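[1] sequence first, then the predicted structure:
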Amino acid sequence: MKKSWKYLLFFLLCLAIALLVNLPIRQVLPHIKLPGTVRLAGVSGTLVHGKAREVNVNQFPLRDVSYRFKPSCIPLLKLCYQVDYAQGVTEVAYDLLNGDTEVSQARVEYPATELAAFIPNMIVQPEGRLELIVNDMAIVAGKPAAMSGKLIWRDLGMQSDEATLNIGDYQVDFSGNQQQYDFKLSDLDASLEVDGKGDVN
């Protein structure tokens, strides 16, 4: 009789794991506290792997997004995912106990001309590529609580009707929380030497 119970418990455990693995991601998303600035479109798949046509973060789109589950975080009671998209890659960890989210090793790159569309009435057309690297970001109650990383503007330039100006690569390192962000501005062997520090409250 005891052996029968063991087999039954093992069967139920396997069944629960199988159901969890094949759980549609659409049933999970309503229970995850995403920041209000994040919008998802065309999401499909399961809890283990899937894709999204687009993830919009502060109006900036991440396209052709795919994700896959990383089981190494299970002992920490977290759901961890490797997320790949057309402009880069990141890792996301969701805490099952408090609902907080951690983002690490995120990278995204955009042409400056594409980002310029979000800034009205620009006198000149910016040139180059903007690369954002987020080392760590904590999201608590759906809002960013702390973040560190760097922003690199490669081939910084401006385009006008007469000519195009390119003065090289520049970098802004940043770190901080909801109260204050510290930043350091530097050039990467560019034409114009820049070195400075500051903070934003």
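    That came through fine. Numbers count the residues shown, from 1 in each chain.

[2] Thr90 contacts Ser104, doesn't it?
    Yes: between Thr90 and Ser104 there is a contact under CB atoms under 8 Å: 7.3 Å. (C-beta placed from N, C-alpha, C; glycine too.)

[3] who has more neighbours, the two?
    Taking other CB atoms under 10 Å, Thr90 and Ser104 do not tie; Thr90 has more neighbours (21 against 15).

[4] contacting residues for that one?
    83, 103-108, 134 (CB atoms under 8 Å, 6 or more residues apart in numbering).

[5] which pair of those residues spans the longest distance?
    Within those, Ser104 and Val108 form the most distant pair, 13.6 Å apart (CB to CB).

[6] still on that earlier bit, okay, and which of the contacts of Thr90 map to strands?
    The strands in this structure, assigned by DSSP state E, contain 83, 103-108, 134 from the contacts of Thr90.

[7] in TSV: the residues you listed, plus distance to Val48.
    Formatted as TSV, the ones in strands among the contacts of Thr90 follow (distance: CB to CB, whole Å):
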residue	distance to Val48
Val83	13
Val103	20
Ser104	20
Gln105	21
Ala106	21
Arg107	24
Val108	24
Val134	25
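
[8] show me which of those are buried.
    Taking 16 or more other CB atoms under 10 Å as the criterion, what is buried in the ones in strands among the contacts of Thr90 is 83, 103, 106, 108, 134.

[9] residues touching the host helix or strand of Ala146, excluding its own?
    Here Ala146 sits within strand 143-159, counting by DSSP states H and E. Strand 143-159 is contacted from outside by 35-36, 106, 112, 124-139, 164-178, 181, 188, 190, using CB under 8 Å, 6+ apart.

[10] can you do 6 Å?
    124-125, 127-138, 164-167, 169-173, 175, 177 (CB atoms under 6 Å, 6 or more residues apart in numbering).

[11] excluding chain neighbours, what is closest to Phe60?
    Tyr110 (7.2 Å; CB to CB, 6 or more residues apart in numbering).

[12] which of the ones in strands among the contacts of Thr90 sits closest to Phe60?
    Once CB to CB is applied, the member of the ones in strands among the contacts of Thr90 that ends up nearest Phe60 is Val108, at 7.8 Å.

[13] OK, contacts around the closest one?
    87-88, 132.

[14] state the mean pLDDT of the helix or strand harbouring Arg63.
    Using DSSP H and E, Arg63 maps to strand 60-70. Mean pLDDT, strand 60-70: 87.

[15] do a quick rundown of the helices in the protein.
    2-21, 25-28, 112-116 (DSSP state H).

[16] any idea which of the ones you listed scores lowest on pLDDT?
    Mean pLDDT, when computed for each of the helices of the chain, is lowest for helix 2-21, at a mean of 64.

[17] tell me the contacts of Glu109?
    Contacts of Glu109 (CB under 6 Å, 6+ apart): 87, 129, 131.

[18] can you tell me which of those residues are in strands?
    Those of the contacts of Glu109 lying in strands (DSSP E): 129, 131.

[19] where does pLDDT dip in the protein?
    1-8, 10-22, 33, 35, 118, 120, 122, 142, 160-163 (pLDDT under 70).
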